[in-house]
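Q: Next one to model:
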Amino acid sequence: MFQKTMTEIDTITGLLLAGTGHIDPKGKKNFTVVTSKTPVSTIEAAFAEYTERSDMAVVLINQHVADQIRPTVEKYQQAFPALLEIPSKDHPYDPSKDSVLKRVKKLFGE
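A: Residues are numbered from 1 along each chain as shown. Alright, predicted model coming up:
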């Protein structure tokens, strides 16, 4: 099982330094760097590619990146790959926006 990441450069750099980076024999990376100039269509395409693969265990996405494709993120209901929204250096985590946390709260009747 693999992990994919969709974040800004600082988070990607930290994860790569931690050893989570991977480039397959075809040259495909397990991460997508998202900047303010990245088109929403590119983010949506990467999200679709990552979440449709059966060999993925986890997709990490910065919460502010997820906000750009929030309707798509909200529609995602699969258990695997698990979708985790994470904070970035410049954008703190907001639990009220986290789609997974919302579902967990709903399950517990909160």
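
Q: ok, residue 76 to residue 50 distance?
A: 10 Å (CB to CB, to the nearest Å). (Each C-beta comes from the backbone N, C-alpha and C, glycine too.)

Q: between these two, which one's more packed in?
A: Ranked by neighbour count (other CB atoms under 10 Å), residue 76 and residue 50 place residue 50 first, with 23 against 16.

Q: Tell me the pLDDT of residue 1.
A: Predicted confidence (pLDDT) for residue 1: 58.

Q: How about the contacts made by the residue nearest the centre of the chain?
A: For the chain, the residue nearest the mean C-alpha position is residue 61 (2.3 Å; CA atoms, centre = their mean). Contacts here follow CB atoms under 8 Å, 6 or more residues apart in numbering; on that basis residue 61 touches 5-7, 47, 73, 83-86.

Q: Just the buried residues of these.
A: 5-7, 47, 73, 83, 85-86 (16 or more other CB atoms under 10 Å).

Q: Just the ones of those in helices?
A: 47, 73 (DSSP state H).

Q: Quickly name whichever of the buried ones among the contacts of residue 61 is closest to residue 35.
A: residue 7 (10.5 Å; CB to CB).

Q: what's the neighbour count on the nearest residue to residue 53 once chain neighbours are set aside?
A: Leaving aside its sequence neighbours, residue 53 sits nearest to residue 81 (CB to CB, 6 or more residues apart in numbering; 7.3 Å). Look at residue 81: counted by other CB under 10 Å, it has 22 neighbours.
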